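In: structure of the sequence below:
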Amino acid sequence: MKIWLIRLLILSCSSLILMTCGGPPPAEETETDVGLWTDTNYPSYIRCITHFGQRADWSHDGKRILFIERTYGDVFEVDLETEIIRPMTHHYYHSGYTRALYLSNGDILLSGSRTFDPEHHSDARSKTAELWVLSKDLDKPPVALGEFCSEGPAVSRKNRKIAWAADHDNYPDKLPEGVSQIWMANIDYSSGKPKLTNKKLILDDRNLDFEVSLEAQNFVPPEEKELTFSAYGYQGTEVMGLNLETGEITNYSKAPNQYDEPEGIFPDGKHTLVECDKHSGGKGSQYDDLWKLALDGSGDYQRITYFNEGEEFKATNPVVSDDGYFIAFQVPKVSMIAGVGNGIYILDLEAAGLR
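Out: Just a heads-up that it's a prediction; the model follows:
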C-alpha cells in the first residue's frame, strides 16, 4: 500500500512539480528517447519535488523527506502527501547546517558549526562542524554531542548507533596533519537528554597500507555488522566496507583511476548507490552520475541516471527509501561544489525497470 500511495502522490502533484522545477519532464521512459537529460528534461519515472534544497534523507515510513536548504542553511522537511514544506530549525538561532539525518526514534542528527564566518565559510564544513540531536517535537534547540564531524555521519536505520569521521582539521591538537579516523557510538537518552556512550575508534588511516581520507557512509542492512566508507584519494576514490566485528576491510569498487563514492544503500544490503564517473572515463567527481554497485565483491555496476551525458549536469547525493522502491537525489550543475543541490528529485525504480 505504501509503495502505490507514494507513487500516486508523486504523479498526482505534477502541476505543482512543473511550477517548482522549471517545466514538464518528457513522457518517454528511456534515457535514449528523452534526449539529453538536464535538470528539467528527464524520463517520466523521475519527478522533481522541490525547487531548492540538497542532501535528502527519507523518513522511515517513506512519507517525508528531510533536506537542508543550502550548505550552512536551515533544515526542511517535505510531506509527499500534502506537498507541504515545513522548516525544522526556524524555532531557534543557529549558524547553519551541512547535514540532517533521521534517527531511528524520529529525532534528527544534525551536523553544523557553532559559528559562521562568510569570509572563511568552508571552515564551518571542514573544521568546526559538530554533531547535534534535534528533538522531533521541535520544541527546543538541539543538544550538542561534543564531537566534531568531517563531512557526513552514518546513522543506523534500526537503533541509535552512529558513526562519523574526524581528521586533523577537526582536532589539530590531537591528530597529526593528514590523519583521518572513523568513530562509532550510541546515542543514549537515559539522562534525560541525548549523549554519546560506548564511543570507540573503529578505523585509523595510519593502520592502512595506503594513503586515504575517510568518510563514514552507511551501516549495511539488515544486520548492520558492516559500515561502508569513502576512501578519498585512494585509486581515485574507492567504495570500501569495514567489518565492525573483525575489522576486515573490503574494496567493493576495485576501479583504479575512477571516482566512486558510496551514497545511499539498498535495504537488503546487497547493493549501494555510488556517485561515479565511470561513464566519463574517469574525469573526476564533477562528472558524476548515479550507479548501483554490488556489495558481493564482484565489482558489478549498473548505471541508474544519465544527467552527465552532456557534461553540464550531474546526479549526486542519492538515498534509498526503506522499502527499496525509490531514490531521492539532486541534479546540480557540473561546476557546483560537491554536495550543493538545486532541488530534490525522486526516481521510481520499479517504473524505471530497475527492480
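In: Ser95 touches Thr115, doesn't it?
Out: Yes: under the criterion of Cβ atoms under 8 Å, Ser95 makes contact with Thr115 at 5.6 Å. Glycine gets a C-beta too; all of them are placed from N, C-alpha and C.
In: what do these two both touch?
Out: Taking Cβ atoms under 8 Å, 6 or more residues apart in numbering as the criterion, Ser95 and Thr115 both touch Ala124.
In: where exactly do the helices run in the chain?
Out: Shown for the chain, the helices assigned by DSSP state H span residues 2-12, 14-20, 123-126.
In: ranking those by mean pLDDT, which is last?
Out: Mean pLDDT values for the helices of the chain show the minimum at helix 14-20, a mean of 39.
In: give me the neighbour count for Tyr259.
Out: 25 (other Cβ atoms under 10 Å).
In: and the pLDDT for the residue lying farthest from the centre of the chain?
Out: The C-alpha centroid of the chain is most remote from Ser191, which lies 30.2 Å away (Cα atoms, centre = their mean). Listed pLDDT for Ser191 reads 95.
In: same deal with Glu31?
Out: Value for Glu31, per-residue pLDDT: 48.
In: any figure for the gap between Met336 and Gly269?
Out: 31 Å (Cβ to Cβ, to the nearest Å).
In: kindly report the same for Asn218.
Out: In terms of Cβ to Cβ, Asn218 sits 9 Å off from Gly269.
In: with adjacent residues omitted, what lies nearest to Leu196?
Out: With sequence-adjacent residues excluded and distances taken as Cβ to Cβ, 6 or more residues apart in numbering, Leu196 is closest to Ala185, at 4.2 Å.
In: identify the residues contacting the one you found.
Out: Per Cβ under 8 Å, 6+ apart, neighbours of Ala185: Lys161, Ile162, Leu196, Thr197, Asn198, Lys199, Lys200.
In: wait, what's in contact with Thr272?
Out: Per Cβ under 8 Å, 6+ apart, neighbours of Thr272: 217-218, 228, 239, 252, 262-266, 292-293, 295.
In: okay, those residues in JSON lines with neighbour count and pLDDT next?
Out: Putting those into JSON lines (neighbours: other Cβ atoms under 10 Å; pLDDT from 0 to 100) gives the following:
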{"residue": "Gln217", "neighbour count": "26", "pLDDT": "98"}
{"residue": "Asn218", "neighbour count": "26", "pLDDT": "98"}
{"residue": "Thr228", "neighbour count": "27", "pLDDT": "98"}
{"residue": "Val239", "neighbour count": "26", "pLDDT": "98"}
{"residue": "Tyr252", "neighbour count": "23", "pLDDT": "98"}
{"residue": "Pro262", "neighbour count": "27", "pLDDT": "97"}
{"residue": "Glu263", "neighbour count": "25", "pLDDT": "95"}
{"residue": "Gly264", "neighbour count": "25", "pLDDT": "94"}
{"residue": "Ile265", "neighbour count": "25", "pLDDT": "97"}
{"residue": "Phe266", "neighbour count": "20", "pLDDT": "98"}
{"residue": "Lys292", "neighbour count": "22", "pLDDT": "98"}
{"residue": "Leu293", "neighbour count": "25", "pLDDT": "98"}
{"residue": "Leu295", "neighbour count": "21", "pLDDT": "98"}
